[in-house]
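1. Build me a model:
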Amino acid sequence: GLIFGIGWAFWLVLGHERIHASLEERAATVERADVEAVPSKSQSHVHKGGGHNQATVKGDMKPEETHSAHGKPLMALAHTRLVRGHLHAMGLGLATVVISLIMAQTSAKTWVKTIASISTGLGGLIYPLAWIAMGYRTPSLGIEGAEASVTAIAGPGVALVLLGISIAAAFLIKDMFSNQ
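-> Numbers count the residues shown, from 1 in each chain. Sure thing, here's the model as predicted:
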């Protein structure tokens, strides 16, 4: 997780222009599809959120981020989500190291220590990938669509991390009270 987080940070910095080009391309594809799908005057239509190419920004962004160098609020949100992938990778990578060190000091059998460490590490890779996928999907699917598209990825990642943390906590507590 830590190595992935560091690598993703390098890509965010060194590939910044490529990332923005990719995000702009995805947004342009959606905008072209909207223009091509405009109904004739005799047909009526309704857009989710109320208007054409309108992004409804929820609690994911601070007001100052909506006027950043990243242009439109939806593009700024996409970039914020890509950065959160890096932050979660680093944090969960560190959590994996801590869980592994805690498990090494417990009385758990080797296979339990392995399961706790691997589940935390695997979840720590899966969950940040959900943020990254959500970031790349935001321009084309919108805020809610991108969130919904990664639920199947994020859920198991969170479950694996919680499994590893729970195993470590259980053995840590068990060993604290059994040694007294």
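
2. so what's Leu2 up against?
-> When contacts are counted by CB atoms under 8 Å, 6 or more residues apart in numbering, Leu2 touches 89-90, 93-94, 96-97. For the C-beta atoms, the positions are set from N, CA and C on the backbone; glycine is no exception.

3. switch to 6 Å and redo it
-> Counting by CB atoms under 6 Å, 6 or more residues apart in numbering, Leu2 touches Gly93.

4. host element of the residue positioned nearest the centre of the chain?
-> By CA atoms, centre = their mean, the chain has its centre lying nearest to Trp131, at 1.4 Å. Secondary structure assigned from DSSP states H and E places Trp131 in helix 110-149.

5. Same question for that helix: list its buried residues.
-> 112-113, 115-117, 119-143, 146-147, 149 (16 or more other CB atoms under 10 Å).

6. Average pLDDT for whichever helix or strand comes after it, rounded please.
-> With elements assigned by DSSP H and E, the helix or strand that comes after helix 110-149 is helix 151-178. Helix 151-178 comes out with an average pLDDT of 93.

7. buried stuff in helix 151-178?
-> Buried-residue list, helix 151-178, by 16+ other CB under 10 Å: 153-154, 157, 160-161, 163-165, 167-168, 171-172.

8. Check Thr66 and give its pLDDT.
-> 39.

9. Equivalent analysis for Ser42, please.
-> On the pLDDT scale, Ser42 gets 40.

10. Please apply the same query to the one 5 residues further on.
-> What the model reports for His47 is a pLDDT of 42.

11. now Ala55
-> Reading off the confidence values, Ala55 has pLDDT 43.

12. what's the answer for the one 5 residues further on, then?
-> Model confidence at Asp60, expressed as pLDDT, equals 49.

13. next one: His88
-> Reported pLDDT for His88: 90.

14. so how far is Leu12 from it?
-> 13 Å (CB to CB, to the nearest Å).

15. Likewise for Ile165?
-> From Ile165 to Leu12 the distance is 27 Å (CB to CB).

16. I figured Ser149 hits Gly135, correct?
-> No. Ser149 is not in contact with Gly135 according to CB atoms under 6 Å; the separation is 11.4 Å.

17. Name all residues that sit in contact with the two at the same time.
-> Listed contacts common to Ser149 and Gly135 are nil; contacts here mean CB under 6 Å, 6+ apart.
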